[in-house]
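In: Return a 3D structure for these sequence lines:
(2 chains)
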Amino acid sequence: MVSASSLALRQQFNNPAQQRETVTLGMWIFLATEVMLFGALFTAYSVYRIYYTPAFTHASGEMEYWMGAVNTAVLICSSFTMALGVHSAEAGKKRLTVLFLLLTMLIGCIFLGIKFWEHYRHYLDHKVPGINFQEAGALGPREQMFFFLYFAMTGLHAFHMLVGLGVLSVMVLRVVFGSISREYHTPIEIAGLYWHFVDVIWVVLFAIFYIPGAHLR
Amino acid sequence: MSEHRPTVKTYALTWGILLALTLLTSLIGLVDLGPFSLAVGVVIALIKASLIAIFFMHALYGSKLIRVVAAGGVAWFLILLGITLADYLTRNWYPFAQR
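Out: Numbers count the residues shown, from 1 in each chain, chains lettered A, B, ... in the order given. Model prediction:
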């Protein structure tokens, strides 16, 4: 009888520990490339923020500040449930793992809901570059750059959230249908790394887009 | 799998600190700190990001190789940012180099 854990060990690895280490390392390398992807946008933000400081501070005052702050707390909660999900998987508690993964997905959906509502309100305010951006005054074009970066970066982040939800859905199915066990739970850990990374990006996005002009509200 | 891992208590404590820092940074944001608003926000964000990386992502619980890759990701971003800003910030240093 071949157990699930021996099936999970691919032939190129000597033992489960080596496989786990390799897979985890691979994920960290992928996350480093994600840092480069978002890094280019963070660099663009830095350059324009330095050149257009007054416009960026003013435009930042038009953010939905408390929605952003609540969303930060929401995403941190989802990271906590994700960590508990990984912890349960390590302990071999399948039902608890599924519960925490579903909870993480639910909180992730709440984040996306608030985010979508926020984007919609900016749309109603005529703040979407390329679609309906309107801003009177000399700083208008520079504020448009702020909103362009805002939509590009929060949009890319929201896309990562959607991918994360997809990954977690697959993980739930894998736990339910048995390819994840106490001996082999690396995929849950890897999915967790991705989810936490997306959380890290949002924490920084909140700081650079919402905070600089919050006192102007 | 004998390696050391955070306990549920550690996760809960990290979660609590992250929420407290979120509240703190949201309230500090309401105060006009002039040019320091962004700086203070980013510093708190980096503390939060480090807590997530260390305790939720087990960055310091894994092998040294993983730490090197994680640090490498940050280092390469700083190279991108540093060299780009070295260009943009110094363009007006000389009158003949006006944009």
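In: Got the confidence number for the residue nearest to A:Phe13 when sequence neighbours are not counted?
Out: The spatial neighbour of A:Phe13 that comes closest, neighbours along the chain excluded (C-beta to C-beta, 6 or more residues apart in numbering or on different chains), is A:Gln19 at 3.9 Å. For every residue, glycine as well, the C-beta is placed using N, CA and C. pLDDT recorded at A:Gln19 is 87.
In: What number of residues are in the vicinity of A:Leu31?
Out: Other residues lying near A:Leu31 total 20 when counted by other C-beta atoms under 10 Å in any protein chain shown.
In: now do A:Phe177
Out: A:Phe177 sits with 8 neighbouring residues when counted by other C-beta under 10 Å.
In: do the same with A:Arg20
Out: Applying the criterion other C-beta under 10 Å, we find 20 residues in the vicinity of A:Arg20.
In: What helix or strand is it located in?
Out: Assigned by DSSP states H and E, A:Arg20 belongs to helix A:16-51.
In: Point out the other helices and strands that that helix packs with.
Out: Taking 3 or more C-beta pairs under 8 Å, 6 or more residues apart in numbering or on different chains; DSSP states H and E as contact, the helices and strands that helix A:16-51 lies on are helix A:140-176, helix A:186-209, helix B:64-88.
In: Who are the contact partners of A:Tyr210?
Out: Taking C-beta atoms under 8 Å, 6 or more residues apart in numbering or on different chains, we find A:Tyr210 in contact with A:60, A:63, A:65, A:68-69, B:29.
In: So the residue nearest to A:Phe13 sits against A:Thr186, correct?
Out: Yes - the pair A:Gln19 and A:Thr186 qualifies as a contact (C-beta atoms under 8 Å) at a distance of 7.3 Å.
In: how near is B:Ile79 to A:Tyr65?
Out: When C-beta to C-beta, to the nearest Å is applied, the distance between B:Ile79 and A:Tyr65 equals 33 Å.
In: ok, the two, which is more surrounded?
Out: When B:Ile79 and A:Tyr65 are compared on other C-beta under 10 Å, the one with more neighbours turns out to be A:Tyr65, at 21 against 11.
In: Which residue, neighbours along the chain excluded, lies closest to that one?
Out: For A:Tyr65, the closest residue by C-beta to C-beta, 6+ apart turns out to be A:Ala214, at 5.1 Å.
In: OK, contacts around that neighbour?
Out: Contacts of A:Ala214 were listed using C-beta under 8 Å, 6+ apart, and they are A:60-61, A:63, A:65, B:26, B:29-30, B:37.
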